[in-house]
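Asker: build the 3D model from these lines:
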Amino acid sequence: MTTLTKTSARGLALGTTGALVAGLIATTAAPAQADNVDMAPSRTVKGEMSGPIGVDHDAAGRVYVASQNNNAIVVHAKDASGPSAPVRRISGAATGLASPRDVALDGNGFLYVSELSGTVRVFAPGANGNVAPVKTFGTGPGTAYGIDVAGGEIYVRKANSYLVYAPSATGSPAPAERTVTGIGSGQSITVSGPRVWVPSGTTLRAYTRSADGGATPLQSIANAFPATETNGIDTDAAGRVYATSLSPATIRVYAPGADGAGAPLKVVGGPATGLGWATGLAVLDGGRFAVTDYLNASYSVFGNLFVRAPGKPRAVKVGGTPAAKVRKIGWKAPASNGGARITGYRIVVRKGNATLVKRVVGPTRRSLMVKRSALRRGVNTVFVQAKNSKGYGPAAKRSFRVRK
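Answerer: You can find the predicted model right below:
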């Protein structure tokens, strides 16, 4: 096995005995300052899952789910939707899987699975079928709820602590490099840059990567959830923290620097989501996020909550001489797509207040040919805007001279 590097992270969990205890979750309204979002998923995937909890994804966008109740890891294609068969499935006696709780992938494609028994199993890249793990180690008494890998280390969430292991960890139990104690109950963990995020009772805490013993957290978001069962946790590219609550199924999103009693930026929940019991969570490419649903034996993918209009197109230029019969308007894509794919470009040519040309082209176009006859003598100006699901962004412009 080689040095571990993180590709993505999330946590998971359900009650301490492996049974779901919905009665522990109180129905509590989101803070008034929060932006409450009842949104439908872009797609919901069902296929060979029973009691899905932890979820992760690889560089190709494939989604890995810990299916607790049928002792399997199922892998679905990036664009899977509906009753889709997995592209791979790890299960069978040789795997040793028994109530898997969470999954994490390292940068080399090794798959790490934490289990109800406290065991961690590691599978080779591309593992499929009834295959043995390449290694197994124990984490001591109690469930290994959440798992993540980052910076050459393995992070495992226990009920009231988390343990950090070297990639060479072996034995039952394996000796931990560090153990962070004094954490309230919780079942998930994610490593994001210099921080390790964990739920602690009704709060969310962030520790330094080097934390050990009864360390003081860097951040502590008070009363982040109405009860102690925070089932999934991950961060997006901007460092915002996403965490799920089992029932009522909600996803709360906090600012990267959130501390104290600050309200979440967003609270996703309601009938449109279609979620029964929200368990694991993984932020995917483009700010989308996947949430596993234990009750409905599925996972749902939701769109980016923080889409902005795209930036200005770059390098706008107009080719040809002033007297040329055809002028070529060219541009490059904006440096920022605003968190959603570009769906098209609008090109407008004006002289003064008069609009001479107005065209909308597809997202792959980077030029437009304009006849001199459509232009006016003197200085004309072209404006180019990019569009995504939020709308059109600011225009980039270029003036050019026309001779007739």
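
Asker: for the rest of this, base every contact and every neighbour count on C-alpha atoms.
Answerer: OK.

Asker: give me the residue at the spatial middle of this structure.
Answerer: V283 (0.5 Å; CA atoms, centre = their mean).

Asker: how far away is the residue lying closest to it once chain neighbours are set aside from G232?
Answerer: Ranked by CA to CA, 6 or more residues apart in numbering and with sequence neighbours excluded, the top spatial neighbour of V283 is F289, at 4.2 Å. Applying CA to CA, to the nearest Å, the value for F289 to G232 is 11 Å.

Asker: neighbour-wise, which of those two wins?
Answerer: Neighbours per residue, other CA atoms under 10 Å: of F289 and G232, the larger number sits with G232, 36 against 21.

Asker: before we move on, back to that, any shared contact partners between F289 and G232?
Answerer: 281-282 (CA atoms under 8 Å, 6 or more residues apart in numbering).

Asker: and the strands in the stretch 151-300 of the chain, which stretches?
Answerer: Taking DSSP state E, counting those that start in this stretch to define them, one finds strands in the stretch 151-300 of the chain at 153-158, 161-165, 178-180, 190-192, 195-200, 203-208, 219-221, 230-235, 241-245, 250-254, 266-269, 278-283, 289-293, 298-302.

Asker: contacting residues for V370?
Answerer: Counting by CA under 8 Å, 6+ apart, the residues that V370 touches are 326-329.

Asker: cool, and K317?
Answerer: Contacts of K317 by CA under 8 Å, 6+ apart are 329-331, 398.

Asker: try it again at 10 Å.
Answerer: 328-332, 367, 382, 397-400 (CA atoms under 10 Å, 6 or more residues apart in numbering).

Asker: now these: which count as buried?
Answerer: Neighbour counting by 16 or more other CA atoms under 10 Å classes 329-331, 367, 382, 397-398, 400 among the contacts of K317 as buried.

Asker: most widely separated two among the residues you listed?
Answerer: Greatest spatial distance in the buried ones among the contacts of K317: S367 and F400, 15.6 Å, computed using CA to CA.

Asker: show me the contacts for G214.
Answerer: 161, 179-183.

Asker: same thing but 7 Å
Answerer: Each residue near G214 by CA atoms under 7 Å, 6 or more residues apart in numbering is listed here: 180-182.

Asker: R376 too?
Answerer: Contacts of R376 (CA under 7 Å, 6+ apart): V402.

Asker: any idea what the nearest residue to K397 once chain neighbours are set aside is bridged to?
Answerer: Leaving aside its chain neighbours, K397 sits nearest to F383 (4.4 Å; criterion: CA to CA, 6+ apart). With DSSP bridges applied, F383 shows beta-bridge pairing to V348, K397.

Asker: F383 is in contact with P394, isn't it?
Answerer: No: using CA atoms under 7 Å, F383 is not in contact with P394, being 9.4 Å away.

Asker: residue ranges with poor pLDDT in the protein?
Answerer: 1-34, 227-229 (pLDDT under 70).

Asker: tell me the domain ranges of it?
Answerer: 22-302, 314-402 (automatic domain parsing).

Asker: buried deepest among these, which one?
Answerer: When those are scored by mean count of other CA atoms under 10 Å, the highest mean neighbour count falls to domain 22-302 (a mean of 21).

Asker: follow-up on the earlier one: nearest to L375 among the contacts of G214?
Answerer: Once CA to CA is applied, the member of the contacts of G214 that ends up nearest L375 is V180, at 69.7 Å.

Asker: now do the same contact list for that closest one.
Answerer: V180 neighbours (CA under 7 Å, 6+ apart): 161-163, 211-215.

Asker: R62 versus L105, what's the distance?
Answerer: 11 Å.

Asker: no no, L265
Answerer: Taking CA to CA, one finds L265 at 28 Å from R62.

Asker: what about A104, which helix or strand?
Answerer: strand 100-105 (DSSP states H and E).
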